[in-house]
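Chemist: sequence plus predicted model, see below.
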Amino acid sequence: MSTEPRALLRRMFDAAIAAAQPALCVPPHLPQPPRGRLLVIGAGKASAAMARAVEDHWDGPLSGLVITRYGYAVDCPRIEIVEAAHPVPDAAGIAATQRMLRMVSGLTADDLVLCLMSGGGSALLSAPIDGVSAEDKQAINRALLRSGATITEMNCLRRHLSAIKGGRLAAACHPARVLTLMISDVPGDDPIDIASGPTVADPTTCADALAIADRYAIALPPAAREALASGRGESIKPGDPRLTRSEARIVAAPQRALEAAAAVAREAGIAVHILGDSLEGEAREAGRLMAGVARQVARRSQPFVPPAVLLSGGETTVTVRGDGRGGRNVEFLLALALALDGEPGIHALAGDTDGVDGAEEIAGALVAPDTLPRAWSRGMRPAESLDRNDAHTFFETLGDSVITGPTRTNVNDFRAVLVT
């Protein structure tokens, strides 16, 4: 094969990110001008870039406020951009969320609210329900991130302890029309899980949220447990009349990003097999499983004949037991490398399309047949690094980290295994 594996994998990753850029996917979905005001609001890692795409393609008057992650702001002359913390909410995000709720009060049926939502919105759009403090929400968020809970489970609990998620933002906009444009970062592309669904009806219940907290031994403060046990934290349900004029559209999703990456590999003459856009489970177990599939391809030409690329997306989880620097993509890769044990002809790249894996400004990393030998030659112990959830340190030491900087989009994880 004439294409160098690392370069090909990186081009594929870059193509996946480019396919989900707001400048490309937002303009085709812009609505007709309303009779009244156009108010633009939103939250997420892609929300500022989405806001700029709106401004660049909207001739009439507009105003608004969106909240994005620190470092992800884009200059917007007419829409205010506020930066806040992710994945744990901070005071800036909470204050901006309260301002947003005040902005949407008093709208009329002639007004249109254009809501721009993307991954990261759950943390950035933060308004604890009465009785639950900001410190309580931060502690709950930290516990969830370490628990091994799926994104669906985490967002269910977040929705029922929020004054803005689970359809509450759309209800606050009533009687105005609400059009939500979403960039999906969740397995299955369910709108209720994108930024915890602030503008869509929520079929889950407080009882569901309480069961999740108990399942993962999340220590809920008394006020939070009371809100769930009493039903006081119930979200907006399907059929609520306040949501009859609220519509949600997904404008970019993991599958489209995977297809863009697949096109790059096919241009290089390599067969591509998309295994799924919504794979979940423990990151290290997914890595071991993918190693077994890749080895069967390499050794037996089953179920695919090499050269071949195995592509997948979705969101794995990490149950944190160590004190290292990690993320779900690098945890997947380190487990993959250990399971492959230097198998010839297999390379891999995994990364988060938002450019941040875990809490690090590192998107992911690369694995090659010489990954383990190079590590051992430096006196490193890869298995111990995995046990400590310290995969970022492992790949950084080898010079194999993938760093993109802020991508200003987010269609979740990208995993490519190349069998030559």
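Modeler: Nice, thanks for sending it over. From a predicted model like this one, the values you see are computed outputs, not experimental measurements. Residues are numbered from 1 along each chain as shown.

Chemist: check the contact between Ile212 and Leu157; I expect there is one.
Modeler: Yes. The pair Ile212 / Leu157 is scored as a contact, 5.2 Å apart, by C-beta atoms under 8 Å. Every residue, glycine included, has its C-beta placed from N, CA and C.

Chemist: is Gly313 located within a strand, as I assumed?
Modeler: Yes. The assignment for Gly313 is a strand, going by DSSP: H, G, I helix; E, B strand; the rest coil.

Chemist: burial of the nearest residue to it once chain neighbours are set aside, as a residue count?
Modeler: Leaving out its chain neighbours, the residue that sits closest to Gly313 by C-beta to C-beta, 6 or more residues apart in numbering is Pro254, at 3.8 Å. Neighbour count for Pro254, taken as other C-beta atoms under 10 Å: 29.

Chemist: Ile212 and Leu157: which is more packed in?
Modeler: Comparing Ile212 with Leu157 by neighbour count (other C-beta under 10 Å), the higher total belongs to Leu157, at 30 against 23.

Chemist: OK, contacts around the more buried one?
Modeler: Shown in contact with Leu157 (C-beta atoms under 8 Å, 6 or more residues apart in numbering): Ile140, Leu144, Ala149, Ala209, Ile212, Ala213, Ile218.

Chemist: what about 6 Å?
Modeler: Leu157 makes contacts with Ala209, Ile212, Ala213, as judged by C-beta atoms under 6 Å, 6 or more residues apart in numbering.

Chemist: also Asp277?
Modeler: By C-beta under 6 Å, 6+ apart, Asp277 lies in contact with Pro254, Gln255, Leu258, Gly313.

Chemist: between those, which has the most around it?
Modeler: Pro254 (29 neighbours).

Chemist: can I assume it is in contact with Asn410?
Modeler: No. Using C-beta atoms under 6 Å, Pro254 is not in contact with Asn410; the gap is 9.9 Å.

Chemist: quick check: the residue nearest to Ile218 when sequence neighbours are not counted vs Val264, distance?
Modeler: Leaving aside its chain neighbours, Ile218 sits nearest to Ala143 (4.9 Å; criterion: C-beta to C-beta, 6+ apart). To Val264, Ala143 is 39 Å away according to C-beta to C-beta, to the nearest Å.

Chemist: and the closest residue to Gly345 other than its chain neighbours, how close does it get to Val402?
Modeler: Distances taken as C-beta to C-beta, 6+ apart place Thr420 nearest to Gly345, at 4.4 Å, with adjacent residues excluded. Counting by C-beta to C-beta, the separation of Thr420 from Val402 is 20 Å.

Chemist: ok, now Glu282?
Modeler: The spacing between Glu282 and Val402, counted by C-beta to C-beta, is 22 Å.

Chemist: so the residue nearest to Ile218 is in which element?
Modeler: Remark: Ala143 resides in helix 134-147, with elements defined by DSSP states H and E.

Chemist: hang on, the earlier thing: tell me which of the contacts of Asp277 is nearest to Val40?
Modeler: Pro254 (25.1 Å; C-beta to C-beta).

Chemist: can you pull the contacts of the closest one?
Modeler: Asp277, Gly313, Val411, Asn412.

Chemist: check contacts around the second one.
Modeler: It refers to Gly313. Gly313 makes contact with Pro254, Leu258, Asp277, Asn412, Asp413, according to C-beta under 6 Å, 6+ apart.

Chemist: so what's the residue count around the nearest residue to Gly167 once chain neighbours are set aside?
Modeler: Among residues not flanking Gly167 along the chain, Ile236 sits closest, at 3.0 Å (C-beta to C-beta, 6+ apart). Neighbourhood size, Ile236 [other C-beta under 10 Å]: 24.

Chemist: ok, now Pro27?
Modeler: By other C-beta under 10 Å, 14 other residues sit near Pro27.

Chemist: from what I can see it touches His57, true?
Modeler: Yes. Between Pro27 and His57 there is a contact under C-beta under 6 Å: 4.5 Å.

Chemist: so Cys156 makes contact with Thr204?
Modeler: Yes. Between Cys156 and Thr204 there is a contact under C-beta under 6 Å: 5.0 Å.

Chemist: quick check on these two: which one has the bigger neighbour count.
Modeler: Using other C-beta under 10 Å as the criterion, Cys156 and Thr204 rank with Cys156 on top: 27 against 21.

Chemist: buried residues, stretch 222-235. List them.
Modeler: For stretch 222-235, a neighbour-count test (16 or more other C-beta atoms under 10 Å) marks Ala223, Ala224, Arg225, Ala227, Leu228, Gly233, Glu234, Ser235 as buried.

Chemist: which outside residues touch that stretch?
Modeler: Stretch 222-235 has contacts (C-beta under 6 Å, 6+ apart) with 129, 131-132, 136, 159-161, 166-167, 202, 206, 209-210.

Chemist: what do you get for stretch 213-220?
Modeler: For stretch 213-220, the external contacting residues (C-beta under 6 Å, 6+ apart) are Ala143, Ser147, Ala149, Leu157.

Chemist: confidence score at the last one?
Modeler: Which is Leu157. The pLDDT attached to Leu157 in the predicted structure is 96.

Chemist: domains in this protein, by residue range?
Modeler: What automatic domain parsing lists as the domains of the chain is 5-16+255-419, 21-127+162-201+236-252.

Chemist: and those domains as a markdown table, adding mean pLDDT?
Modeler: Output for the domains of the chain, formatted as a markdown table (pLDDT from 0 to 100):
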| stretch | mean pLDDT |
| --- | --- |
| domain 5-16+255-419 | 97 |
| domain 21-127+162-201+236-252 | 97 |
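
Chemist: hmm, back to that, so of the contacts of Leu157, which ones are in helices?
Modeler: Mapping the contacts of Leu157 onto helices (DSSP state H) picks out Ala209, Ile212, Ala213.

Chemist: between those residues, which is closest to Leu333?
Modeler: So of those, ranked by how close each gets to Leu333 (C-beta to C-beta), first place is Ile212, at 28.4 Å.

Chemist: and the spatially closest residue to the closest one that is not a sequence neighbour, how many neighbours?
Modeler: Spatial nearest neighbour of Ile212, chain neighbours left out: Glu153 (4.7 Å); criterion: C-beta to C-beta, 6+ apart. When neighbours are counted by other C-beta under 10 Å, Glu153 registers 22.
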